[in-house]
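Trainee: One predicted model, sequence on top.
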Amino acid sequence: MNIAIVGATGNVGRKIVEILEKKEFQVENLYLLASTRSEGKKISFNGKDHTVGDLEKFDFSIVKIAFFAAGSAVAEKWAHVAAEKTIVIDNSKYFRKDPDIPLIVPEVNSKQLTHVKKKNIIANANCSVIPVVVALKPLHDLYNVNRIVISTYQSVSGAGKEPMDELLSQTQDYFNNKKLESKNFTKQIAFNAIPHIDSFLENGYTKEEQKTTDEIKKILDKKIKITSTCVRIPVLVSHSISVNVEFNKKCNLDEIRKVLSTSPGCKVVDEHKDGGYITPVEAEDKFETFISRVRLDESQANTVNMWIVSDNLLKGAALNAVQIAEALIKEDFYGQ
């Protein structure tokens, strides 16, 4: 199968290349694409260097799937062009709210891929939303979720490579007693926490918080009540999410742990002792969505708290995109 990756030189694009190789995805020809300024760069795949080509010169009719990992502006301009000739899996936020474009997390709603032929585009969900719905889908099936209170603690890699570099440079400058410069964040990110991701809306929420609500409703259930706070923290990779979940039915902790332990994509690490939980560092480069600190909310009936951690560049982006491609192939949605 011929595959194209748009935005191949970025954080997520490179991770897609790595995952295709790790999974031994049946790639006959891999076409790596980016802007003109990245044309000619080399990226290794299966022991062979591949030269990055110019997106504007590429003929998408020669590939079966095109992964887009280059942001909303590129998706807006080029995804429909590509979708006239192939199936597009887009990692940006641009298409997520479109009712005719499926928003897919394979463990949760792969059946929605039957709608792919409406526009030949599939949207990859937000990097914090994906681990939340992976963890909550089996519990929603069991107890029916009524309300979710979410607090996300998101790593700087979710904003791109330059913000990662800024965290490292600010950390170095801090220890060298130099003035810290903030170019990619509204406040100093080193040794800090910034309760602000994306721009503010009139209701006081940010776009990131609104995306969290809208996408969970679209993927899981539009009747669920959701409120969220999204925070950027000085961690390079992996997002952490504190979730308070109220169910419509009486819940049982032992049953919750058992169900989560056997659910696709989930791994429960929940020991009530020092270190008996997962942190962002441990989740990096792992495919699983980790669930820890599962406990009853003693202030409200039928409610539990949990701590969810996932590598935002993998399951939160690149891995989920590749899993969408695998689901397409498995379910034979081509040509329908």
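Mentor: Perfect, I can see it now. Residues are numbered from 1 along each chain as shown.
Trainee: C-alpha from now on. contacts and neighbour counts both.
Mentor: Fine.
Trainee: Need phi/psi at residue 78.
Mentor: phi -110, psi -20 (degrees, to the nearest 10).
Trainee: from the middle of its chain, how far away would the strand or helix carrying residue 281 be?
Mentor: Residue 281 is located in helix 280-283, with elements delineated by DSSP states H and E. Computed by CA atoms, centre = their mean, to the nearest Å, the chain-centroid distance of helix 280-283 equals 15 Å.
Trainee: Can you spell out which helices and strands pack onto that helix?
Mentor: Here helix 280-283 touches strand 303-310, going by 3 or more CA pairs under 8 Å, 6 or more residues apart in numbering; DSSP states H and E.
Trainee: just to revisit the earlier point, restricting to C-alpha, output the following helix or strand past the helix holding residue 281 in CSV.
Mentor: Following helix 280-283 in sequence order, the next helix or strand is strand 289-296 (DSSP H and E). Extracted in CSV, the C-alpha atoms of strand 289-296 (Å, rounded to 0.1, in the frame of the first residue of the first chain):
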residue,chain,number,x,y,z
THR,A,289,-3.8,4.8,28.0
PHE,A,290,-2.9,4.4,31.7
ILE,A,291,-5.5,4.7,34.5
SER,A,292,-4.6,5.3,38.1
ARG,A,293,-6.0,6.6,41.4
VAL,A,294,-9.4,5.1,40.8
ARG,A,295,-11.6,5.9,43.9
LEU,A,296,-15.1,6.7,44.9
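Trainee: Which neighbouring elements make contact with strand 289-296?
Mentor: Counting by 3+ CA pairs under 8 Å, 6+ apart, strand 289-296 packs on helix 129-143, helix 253-261, strand 266-268, strand 303-310.
Trainee: Make CSV out of those and add mean neighbour count, distance to residue 293 and mean pLDDT.
Mentor: Listed next are those as CSV, based on neighbours: other CA atoms under 10 Å; distance: least, CA to CA, whole Å; pLDDT from 0 to 100:
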stretch, mean neighbour count, distance to residue 293, mean pLDDT
helix 129-143, 21, 13, 98
helix 253-261, 15, 11, 97
strand 266-268, 21, 9, 98
strand 303-310, 25, 5, 98
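Trainee: helix or strand for residue 123, which one?
Mentor: Applying DSSP H and E, one finds residue 123 within strand 121-124.
Trainee: contact partners of that strand?
Mentor: With contact meaning CA atoms under 8 Å, 6 or more residues apart in numbering, strand 121-124 is reached by 79-80, 83, 87-93, 95-96, 101-105, 113, 116, 317, 320-321.
Trainee: Just to be sure, which of the residues you listed are found in strands?
Mentor: Those of the contacts of strand 121-124 mapping onto strands are 87, 88, 89, 90, 103, 104, per DSSP state E.
Trainee: possible to save the helices and strands packed on strand 289-296 as CSV with distance to residue 200?
Mentor: What follows is those, written out as CSV (distance: least, CA to CA, whole Å):
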stretch, distance to residue 200
helix 129-143, 19
helix 253-261, 35
strand 266-268, 33
strand 303-310, 25
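Trainee: right, and the ones you listed - which one's nearest residue 212?
Mentor: Residue 212 sits nearest to helix 129-143 of all these, at 5.9 Å, using CA to CA.
Trainee: The closest one vs strand 303-310, what angle?
Mentor: 150 degrees (axes from the mean of the first three to the mean of the last three CA atoms, to 10 degrees).
Trainee: Look up how far residue 82 lies from residue 54.
Mentor: Distance of residue 54 to residue 82, given as CA to CA, to the nearest Å: 14 Å.
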